[in-house]
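Asks: what follows is a predicted structure for the sequence shown.
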Amino acid sequence: MRVLVIDPDSARAALVAEGLEGDDRPDVRRTARFDAAEVAAYAPDVIVVACDCADRDTLESLREADETNPRPVVMFADRSEPGLAEQAVRAGVAAYIVDGLAPARVRPILEVAMTRFALMQQLRGDLAKAKANLESRKVVDRAKGLLMKERGLDEEAAYRLLRKLAMDKGRPIGAVAADLLSFAGLLKGDGA
Amino acid sequence: MSKLALGFIPLTDCAPLVVAQARGLFAEEGLSVTLSREASWATIRDKVAVGALDAAHMLAPMALATTIGARCEPTPMIAPLALAANGAAVTLSQPVASALSFAEPTPQAIGRALARHVRERAGQGKPALTFAVVFPFSIHNYALRYWLAEAGLDPDRDVRIVVTPPPRMVDQLRTGEVDGISVGAPWNTVAVNEGLGRIALRTSNFWRGGPDKVLGLTGAAAEADPARLAALLRALVRAQAWADAPANRAELIALLAEPRHVGAAPSAIAAALDDELVFLRGEVAVPRLEHARWLLAQMRRWGQVDHRVDPGLVADQVYRPDLALEALRALDLAPAMLTPPNLLFDGQGFEA
């Protein structure tokens, strides 16, 4: 079985392809954009496409476009698999099967794709969180430096003061540090 | 606050949604709305069908085709509001446009010149011209096909019609992948401004005030909360009235030009708004049953739906002028009476 993965997000496409190359080893190819000649040459049995890929409309109209060389492609939204199409759309994945392939054979493929899409979203979320944490640590360090300079505190005392402020206000220490820095900037006349 | 997720495609006529959000009109109607910019019409259709979107900016024929289940799982949809009229056009590539000669730039004369050119090319053994449309079920596809057929061409044999996402059409005209595009604003103007082509047929010349986009949602979602739908329609009608007002033009253009909305040059967005595109004026916001019947007749004509489909029944089920009129009346914007829709450029009506 040949599976074509179309996804403008190459990292996510790689993750999906990796997930599909499992036990029954379908042949998987991935591409960022739909190309009619490429699809015709590869002749996939299943096409998995990201919902945020603009090429979906082109793909869906293949039957109409190529009357001379019909390559019937239908959306996998078969009634024999209730709820699957809905889950896939919510996960951001759509799939098309080329006529002749039993819809049941697509289910595991679509499930892998959905899982991998969710995994990618989680990885990206974690990365954004890590970046935000790093950013907050930098802000705390700068606020500490400011307190050390303006109040003549040592580093530990400056940190204790920030932590107390955060606890008193019930806000994250990064937010309190950022406020402190912006007020200090305001008093110095920055950006006012 | 009632929460709603609404989808749109980056086109000038998504304005009612974008304006209602930016100017707080949804909030004033008690709605907390999230706008979601979508990459393809198929995704709009699927997300609305499964409820991942509560409603969307939708091609008018899509609401009809999805209800019938033409090339998709059937899901009963309704179109309770038309979002805009006019603004779409067919643009021919510079090489093709230069090869045509005609006395008057009327749709008929340009069509006949194009037909002569197509036959000449065939006689010389050159490949057929390729035209890109936005979706199989779109006024862009039907206007192009009607116009070609009227000029004596068979759209399925004499030319090749492909589907291309709107933001990618200008590129394809540049690379020569396609010889003509049939798309909504602002993409024709973008192509013309870049010197890539000339506009051959505006849908406003083809059918002044004809159907283009509607608000589409499932019949089930509409029935589940009629009060919420009424609030949504009022917010959109107020946005349409705001978008039509010349005094708001500059603000509207700036809003649409933002990358999170249409993401095109302000000058390109301005063109269609200045020339022809209207959102509410007159009776534009009322989805007309005659329009739906004509669109369904085109689907049958081009073999997209079974001949057993009854255009009258489907039109009555999907198109809901009553809901648009109710919103217009609530805002004192209802027309005193509905006039018969305009005829097509060739003087034809549209009895299905």
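Replies: Perfect, I can see it now.

Asks: which non-adjacent residue is nearest A:Ala91?
Replies: A:Met114 (4.2 Å; Cβ to Cβ, 6 or more residues apart in numbering or on different chains). Any C-beta I mention is one placed from the backbone N, CA and C, and that applies to glycine too.

Asks: heading toward the C-terminus, what's the first helix or strand past the helix or strand encompassing that neighbour?
Replies: Here A:Met114 is covered by helix A:107-151, with elements defined by DSSP states H and E. Using DSSP H and E, the helix or strand that directly follows helix A:107-151 along the chain is helix A:155-169.

Asks: from the rest of the structure, what touches that next one?
Replies: Residues outside helix A:155-169 that contact it (Cβ atoms under 8 Å, 6 or more residues apart in numbering or on different chains): A:140, A:143-145, A:147-148, A:151, A:153, A:172-173, A:175-177, A:180.

Asks: domain map for the chain?
Replies: No chain specified, so I'll use chain A. Following automatic domain parsing, chain A resolves into domains at A:2-122, A:130-188.

Asks: you looked at the wrong chain, it should be chain B
Replies: Listed domain ranges for chain B are B:2-86+B:209-330, B:89-206 (source: automatic domain parsing).

Asks: who in the stretch 151-300 of chain B is up against chain A?
Replies: Neighbours of chain A within the stretch 151-300 of chain B, by Cβ under 8 Å from any Cβ of the partner chain: B:Asp156, B:Arg160, B:Ile161, B:Val162, B:Val163, B:Thr164, B:Pro165, B:Pro167, B:Arg168.

Asks: what's the distance between the last one and A:Thr58?
Replies: Just to be clear, that refers to B:Arg168. 9 Å (Cβ to Cβ, to the nearest Å).

Asks: my read is that B:Ile181 contacts B:Phe131, right?
Replies: Yes: if you go by Cβ atoms under 8 Å, B:Ile181 and B:Phe131 touch, sitting 7.1 Å apart.

Asks: on that earlier part again, tell me the contacts of the residue nearest to A:Ala91?
Replies: By Cβ under 8 Å, 6+ apart, the contact set of A:Met114 is A:Gln87, A:Ala88, A:Ala91, A:Val93.

Asks: list the contacts of the helix or strand where B:Ser204 lies.
Replies: Using DSSP H and E, B:Ser204 sits in helix B:203-206. Residues outside helix B:203-206 that contact it (Cβ under 8 Å, 6+ apart): B:85-89, B:107, B:139-140, B:143, B:146-147, B:210, B:212, B:275-276, B:344-345.

Asks: ok now that helix, how far from the chain's centre?
Replies: Its chain's average C-alpha position is 12 Å from that of helix B:203-206, according to Cα atoms, centre = their mean, to the nearest Å.

Asks: after that helix, next one along is what?
Replies: Sequence-wise, the next helix or strand downstream of helix B:203-206 (DSSP H and E) is strand B:211-218.

Asks: which neighbouring elements make contact with that following strand?
Replies: The helices and strands touching strand B:211-218, judged by 3 or more Cβ pairs under 8 Å, 6 or more residues apart in numbering or on different chains; DSSP states H and E, are helix B:41-50, strand B:55-59, helix B:60-68, strand B:77-85, helix B:226-244, helix B:289-301.

Asks: how about the fourth one and chain A, touching?
Replies: No: with Cβ under 8 Å from any Cβ as the measure, strand B:77-85 is seen stopping short of chain A, the closest distance being 15.3 Å.

Asks: tell me the angle that strand makes with helix B:289-301.
Replies: Angle, strand B:77-85 to helix B:289-301, by axes from the mean of the first three to the mean of the last three Cα atoms, to 10 degrees: 110 degrees.

Asks: now the second one
Replies: Using the same axes, to 10 degrees, the interaxial angle of strand B:55-59 with respect to helix B:289-301 works out to 60 degrees.

Asks: what are the buried residues along strand B:55-59?
Replies: Buried residues in strand B:55-59, defined by neighbour count with 16 or more other Cβ atoms under 10 Å in any protein chain shown: B:Ala55, B:Ala56, B:His57, B:Met58, B:Leu59.

Asks: name the SS class of the residue lying closest to the second one once chain neighbours are set aside, please.
Replies: Pointing back at B:Ala56 there. In space, B:Ala56 comes closest to B:Gly7 once its chain neighbours are excluded; the distance is 3.8 Å by Cβ to Cβ, 6+ apart. Here B:Gly7 is recorded as strand under DSSP: H, G, I helix; E, B strand; the rest coil.

Asks: was I right to think B:Gly7 contacts B:His57?
Replies: Yes: taking contacts as Cβ under 8 Å, B:Gly7 lies within contact range of B:His57: 6.7 Å.

Asks: list the residues that contact both of the two?
Replies: In contact with both B:Gly7 and B:His57: B:Ile44, using Cβ under 8 Å, 6+ apart.

Asks: can you tell me the closest non-neighbouring residue to B:Ser32?
Replies: Closest to B:Ser32 by Cβ to Cβ, 6+ apart is B:Met1, at 4.1 Å.

Asks: run a quick neighbour tally on that neighbour.
Replies: 10 (other Cβ atoms under 10 Å in any protein chain shown).

Asks: which SS state does B:Val90 fall under?
Replies: Secondary structure assignment for B:Val90 (three-state DSSP): strand.

Asks: how close does B:Leu153 sit to chain A?
Replies: Distance, B:Leu153 to chain A, by Cβ to the nearest Cβ, to the nearest Å: 15 Å.
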